[in-house]
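A.B. asks: Generate coordinates for the sequence data below:
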Amino acid sequence: MNGTTWHLITTEGRSPAENMAIDEAVATFVARGELKPTLRFYSWAPHAISVGRFQRATRDLDRDALRKNQIPVVRRLTGG
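C.D. replies: Numbers count the residues shown, from 1 in each chain. Next up, the predicted model:
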């Protein structure tokens, strides 16, 4: 190890939108050097679909079924 100290965040039962907002804020603060590298554990409440930044959600998801079953969809800053 190079001696880097990590920051740990654990959040439970946050909404999909809250979780993505926290991820964005953490990434911003780490990029500015205002927060140590961060490992984050979290859970969704309610369950949700997380779509990657470059994923084509309109092609890959059945939006009508998601609405009918009240399953939220959020977009991540990464992946896809």
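A.B. asks: quick one, helices of this structure?
C.D. replies: For the chain, the helices defined by DSSP state H cover 16-32, 57-60, 63-68.
A.B. asks: Which positions within the longest one qualify as buried?
C.D. replies: In this case it means helix 16-32. The neighbour-count check on helix 16-32 (16 or more other CB atoms under 10 Å) flags 16, 19-20, 23, 26 as buried. Every C-beta, even on glycine, is put in place using the N, C-alpha and C of the backbone.
A.B. asks: center of this structure - which residue?
C.D. replies: Nearest residue to the geometric centre of the chain (CA atoms, centre = their mean): residue 20, 3.9 Å.
A.B. asks: related to what we said a few turns ago, export the helices of the chain to CSV and tack on distance to residue 79 and mean pLDDT?
C.D. replies: Compiled in CSV, these are given as follows (distance: least, CB to CB, whole Å; pLDDT from 0 to 100):
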stretch, distance to residue 79, mean pLDDT
helix 16-32, 11, 93
helix 57-60, 12, 74
helix 63-68, 19, 92
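A.B. asks: quick one: contacts for residue 71?
C.D. replies: With contacts defined as CB atoms under 8 Å, 6 or more residues apart in numbering, residue 71 is in contact with 46-49.
A.B. asks: Switch these over to JSON lines; also include neighbour count, pLDDT and distance to residue 74.
C.D. replies: What follows is the contacts of residue 71, written out as JSON lines (neighbours: other CB atoms under 10 Å; pLDDT from 0 to 100; distance: CB to CB, whole Å):
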{"residue": "46", "neighbour count": "10", "pLDDT": "88", "distance to residue 74": "11"}
{"residue": "47", "neighbour count": "11", "pLDDT": "88", "distance to residue 74": "11"}
{"residue": "48", "neighbour count": "17", "pLDDT": "91", "distance to residue 74": "6"}
{"residue": "49", "neighbour count": "15", "pLDDT": "90", "distance to residue 74": "7"}
